[in-house]
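Colleague: Mind folding the following:
(one chain, ligands or ions: 2)
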Amino acid sequence: MANITQEDIFAVLKTDGHPWLFYNVFTLLNEELKQLSEHFPSEECSRWLVLVFGLPIKDLSLWVWHVAEDQRYLFANHILERTADAVLSYVKSRGVIAIDVAREEARNISLVELACKAGLGTRGINNLFLHPEFGSWVQLHALLIRSNVEASLPVPLLDVCIGCQMCIAACPADAITQEAFYADRCNRMVASYWVPKSKARAISTSSYVECHKCISECPIGTLPTSFVGGEVI
Ligand code: SF4
Ligand code: SF4
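Modeller: Ligands and ions are numbered 1, 2, ... in the order given. Reported below is the predicted structural model:
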């Protein structure tokens, strides 16, 4: 089996990745991975390269969900999956095992956790990943790639969240407190544009933008450009 290096991965991203992507690679031992997810099978002393990449939501069209029957699709995810497929195709052509965390393991391994470990940002009080430049206006993806070659250590990042609590004040569902995040309260607001008080907004009969008050009110990052009269909807 060939050993993939972080430089190999960066070369594929440079050629086939979306130009706005930010990314990093770090190494996880199999037992460290098992601490993140008990679900992960134990293997004989293996290492993984963890590629984490994110797409900044600079344009609100990237944040639109399209609904068809019982499926829903986020435009940003399609761009990320296209990049993931380019890396997976390269890695597998060299006979190396790889796992798409976002598509196969997202219920077991937190993408936010991996992005923080990659030194790309930190988790905010809003419970979301916070990038120093883009705030929480990002969509994440991650791949695990078997390799015995270690990646360089990520540079530790200071807490990006400044603790201003604007997200707590802005949340219409009281889902965010200083101590805890109540996902069930958020879920009721976030995608249910048919609920009268929901902050999700329909774009058409089969598309909508989720509630993003805890992102748009956060002082970290820049509001994306919108397609409705220049205003963020
Ligand atoms: S998405 Fe909306 S409901 Fe959910 S935590 Fe953020 S502000 Fe609250
Ligand atoms: S609004 Fe303030 S407290 Fe909330 S995540 Fe952003 S920086 Fe942190």
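
Colleague: Just the helices from the chain, written as ranges.
Modeller: Secondary structure of the chain (DSSP state H): helices at 6-16, 30-36, 75-93, 111-117, 166-170, 183-190, 213-216.

Colleague: Quickly compare those helices and say which is most buried.
Modeller: Counting by mean count of other CB atoms under 10 Å, helix 213-216 has the highest mean neighbour count of those, with a mean of 22. Backbone N, C-alpha and C define where each C-beta goes, glycine included.

Colleague: and the residue most central in space within the chain, how far is that from residue 206?
Modeller: Central residue of the chain (CA atoms, centre = their mean): residue 140, 1.9 Å from the mean position. With distances taken as CB to CB, to the nearest Å, residue 140 is found 25 Å from residue 206.

Colleague: Same question for residue 138.
Modeller: Distance from residue 138 to residue 206, counting by CB to CB: 25 Å.

Colleague: Look at the two and report which has more neighbours.
Modeller: When neighbours are counted by other CB atoms under 10 Å, residue 138 and residue 206 differ, and residue 138 comes out ahead with 26 against 12.

Colleague: what packs against the one helix or strand in the chain whose mean pLDDT sits lowest?
Modeller: Across the helices and strands of the chain, mean pLDDT, DSSP states H and E gives its lowest value to helix 30-36, namely a mean of 81. Where contact means 3 or more CB pairs under 8 Å, 6 or more residues apart in numbering; DSSP states H and E, helix 30-36 is packed against strand 47-56.

Colleague: Can you list the buried residues in the strand it packs on?
Modeller: Applying a neighbour-count criterion of 16 or more other CB atoms under 10 Å, one finds 47-56 buried in strand 47-56.

Colleague: swap in stretch 152-166?
Modeller: Neighbour counts over stretch 152-166 (16+ other CB under 10 Å) mark 154, 160-161, 166 as buried.

Colleague: Let me know whether that stretch sits next to ligand 2.
Modeller: Yes. Against ligand 2, stretch 152-166 shows contacts by CB under 6 Å from any ligand atom at 161-166.

Colleague: Likewise for stretch 117-125?
Modeller: Yes. Under the criterion of CB under 6 Å from any ligand atom, ligand 2 is reached by stretch 117-125 at 124-125.
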